[in-house]
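Colleague: Sharing a model that was predicted from the sequence below.
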Amino acid sequence: MFNIGAGEWLLLAVLGIILVGPDRLPHLASDAAKLVRRFKELTSQATQELRENLGPGFEDLNVADLHPKRFIAKTLNEAVEGAVPVAEIREIAKSAKIDPDLL
C-alpha cells in the first residue's frame, strides 16, 4: 500500500508519537481516516455526476480513462477494431473507376 515498506511505517509511527504525542495520536488517526473516507465519497459522487452529464455511451467511464494518453490509446483501439479490413479496401480500390472528366 502506497509503496511504503515496514521500516517506513515504523519510522512514521515513531515520528507521529514524538510530534503529536501518544494521547492525541489515535484521535488524529481517526480524523485522517474520516478525511480520506470523505474524499473518496466526493470523488465517487463527482464521477457519477460526470457519467450522468455525459449521457448514454459513457456508463462504463473510468476516471483513469480520462488521462490523455489512455484516452487516445482507447479511442484508437476502438477505431481499429471497428475498421474495415485491408483486403476489403483493396477490392474496392480495384473495382473503383474514376471518371477522367472529373479530374
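Modeller: Cool, got the structure.
Colleague: just how off-centre is the lengthiest helix in the chain within its chain?
Modeller: Across the chain, the longest stretch assigned as helix under DSSP state H is helix 25-54. Average the C-alpha atoms of helix 25-54, do the same for its chain, and the two points are 16 Å apart (CA atoms, centre = their mean, to the nearest Å).
Colleague: contacting residues around residue 61?
Modeller: The neighbours of residue 61, taking CB atoms under 8 Å, 6 or more residues apart in numbering as the test, are 47, 50-51, 54. Where you see a C-beta, it was placed from the backbone N, CA and C, and this is true even at glycine.
Colleague: tell me the SS of it?
Modeller: Using DSSP: H, G, I helix; E, B strand; the rest coil, the structure places residue 61 in coil.
Colleague: how many neighbours does residue 56 have?
Modeller: 5 (other CB atoms under 10 Å).
Colleague: any idea how far residue 6 is from residue 35?
Modeller: Separation of residue 35 from residue 6 (CB to CB, to the nearest Å): 24 Å.
Colleague: And for residue 13?
Modeller: Taking CB to CB as the measure, residue 13 and residue 6 are separated by 11 Å.
Colleague: So those two - more neighbours on which side?
Modeller: Here residue 13 and residue 6 are set side by side on neighbour count (other CB under 10 Å), and the busier one is residue 13, at 12 against 7.
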